[in-house]
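Participant: A structural model of the following input is requested.
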Amino acid sequence: MDAAEFRKRGKEMVDYIADYLEKIDKRQVFPDVEPGYLRPLIPDCAPQNPESFEDVFKDIEKIIMPGAASPACTELETVMLDWLGKMINLPEEFLAGNSGQGGGVIQGSASEATLMSLLAARTKAVRQVQSEKPELTEADIMGRLVAYASDQAHSSVERAALIGGVKIKNISSDDTFRLCGSALKKVLDEDKASGLIPFFFCATLGTTSCCSFDKLLELGPICNKENIWMHVDAAYAGSAFICPEFRHLLNGVEFADSFNFNPHKWLLVNFDCSAMWVKKRSDLTGAFKLEPLYLQHHHQESGLITDYRHWQIPLGRRFRSLKLWFVLRMYGVKGLQEHIRKHVRLSHLFEHLVLQDERFEICAEVILGLVCFRLKGSNELNEALLKIINEAKKIHLVPCHLQDKFVLRFAVCSRTVESTHIKFAWQHISQLATDLLKTWEQKHQQQ
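Facilitator: Just a heads-up that it's a prediction; the model follows:
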């Protein structure tokens, strides 16, 4: 949608809302529809090709408004998470279907998804240990619980453990910044021998620093054998799994208990829209279900009825699945795949430009849309380069540390980015590096 069409559709939307409000007294306050009404009205998977705005919008009155007192919000979300799950070829256990044990929910952020999975895992572990060792109090068990993640995991994992009141250990990744099975097993064996209770592991696919991928096919079987909840955080990288050539990066998710990625990061859905799936919804709802009279409904939780207040931290929620529905239909799977592929092509273009300049080095494998690079030289030199790049305010880079090296990160993000922007960015960086190296040399000669 270009700017002209956006203006046109925006005005139409204002008219639709105004008409709705003017005639609201003619509408029923409570819907006639039965649970499960929405699923038969729409296809069971996302369209391959784009659909027109008119066709999508017509379905608002036809499909959404009959369930507007809330069922539509819930039911569209359940179906959209199935659409999205099928797009990335998630194992069927994670899908709701008509009566599945799993299913998806839209959280506000990956941080919330990690926290929810950790809290659910904590409740499950406490109950399990109490059934085996009734002499232990809940406080005794809580004091022994330990969560685990790679040293490359996002800080929100540590934050989730902090909120959950449990210990967390960061395990050293290998020289490609990935966590392997042997490293996890070694720490688990040590901790169990010390009387601790491992209960939760967060694997990362597409780490924040350098977009590395933990070795799920090694880690998953260990977690399953040790009865540890495995959550997979693919906040950024998960969008790429809609492309068959990147789906192998998700291999091993079949061992996970929960999985999350953010369509609002790389799938053209505006913030906030963080998709989370669980294999067993009862594990999640069992940890958070409270039923005061004012929140009781006529239908019990089943494959047809989902009560998302048991799947999240807040009680209330917004109709976030509507924007996902619009994006998936207006781009189609093929349009979204092309968006991802274009960004990956552009990141490899930037990588190629860096490699042509012998003053620079690439610091981590370029797999998706992130390039980690630096000037060959000291951390101090690279800190100075980053400072002048960001002070020039033409482009903005965020750094990281990889094996004690100060590294610059170039992320391809914008919907409208083209190769000309990449070339401009590199010429800008290259020129600033030339200027810096001259002054740096003079400064060190004087010293």
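
Participant: report the mean per-residue pLDDT for stretch 1-20.
Facilitator: Regarding stretch 1-20, the rounded mean pLDDT is 92.

Participant: tally of neighbours for E132?
Facilitator: Around E132 there are 8 other residues, counting by other C-beta atoms under 10 Å. C-beta coordinates here come from the backbone N, C-alpha and C atoms, glycine included.

Participant: right, I mislabeled it, should have said L21
Facilitator: 9.

Participant: next one: R320
Facilitator: Residue neighbour count, defined by other C-beta under 10 Å, stands at 24 for R320.

Participant: looking at it, it is touching D272, isn't it?
Facilitator: Yes - contact between R320 and D272 holds when scored by C-beta atoms under 8 Å: they sit 7.1 Å apart.

Participant: I'd like the next helix or strand past the worst-scoring helix or strand of the chain on mean pLDDT.
Facilitator: Comparing helices and strands within the chain by mean pLDDT, DSSP states H and E singles out helix 281-288 as the least confident, with a mean of 84. If you walk from helix 281-288 toward the C-terminus, the next helix or strand you reach (DSSP states H and E) is helix 321-355.

Participant: now for that following helix, which elements pack on it?
Facilitator: helix 53-59, helix 71-87, helix 263-266, strand 360-362, strand 370-375, helix 419-446 (3 or more C-beta pairs under 8 Å, 6 or more residues apart in numbering; DSSP states H and E).

Participant: check which residues of it are buried.
Facilitator: Of the residues in helix 321-355, 321-333, 335-337, 339-340, 342-344, 346-351, 353-354 count as buried by neighbour count, 16 or more other C-beta atoms under 10 Å.

Participant: hang on, the earlier thing: dump the helices and strands packed on helix 321-355 to a markdown table, plus mean neighbour count, distance to Q28 and mean pLDDT.
Facilitator: Below are the helices and strands packed on helix 321-355 laid out as a markdown table (neighbours: other C-beta atoms under 10 Å; distance: least, C-beta to C-beta, whole Å; pLDDT from 0 to 100):
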| stretch | mean neighbour count | distance to Q28 | mean pLDDT |
| --- | --- | --- | --- |
| helix 53-59 | 13 | 20 | 92 |
| helix 71-87 | 22 | 13 | 93 |
| helix 263-266 | 24 | 33 | 95 |
| strand 360-362 | 18 | 61 | 96 |
| strand 370-375 | 24 | 50 | 97 |
| helix 419-446 | 14 | 51 | 90 |
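
Participant: as CSV, the ones you listed with distance to V407 would be great.
Facilitator: Below are these laid out as CSV (distance: least, C-beta to C-beta, whole Å):
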stretch, distance to V407
helix 53-59, 42
helix 71-87, 32
helix 263-266, 21
strand 360-362, 9
strand 370-375, 5
helix 419-446, 14
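
Participant: these: which one's closest to V253?
Facilitator: Closest approach to V253 among those (C-beta to C-beta): helix 71-87, 10.5 Å.

Participant: tell me the secondary structure at the residue lying closest to K167 once chain neighbours are set aside.
Facilitator: Nearest residue to K167, sequence neighbours excluded (C-beta to C-beta, 6 or more residues apart in numbering): V146, at 4.8 Å. Secondary structure for V146, judged by DSSP: H, G, I helix; E, B strand; the rest coil, is strand.
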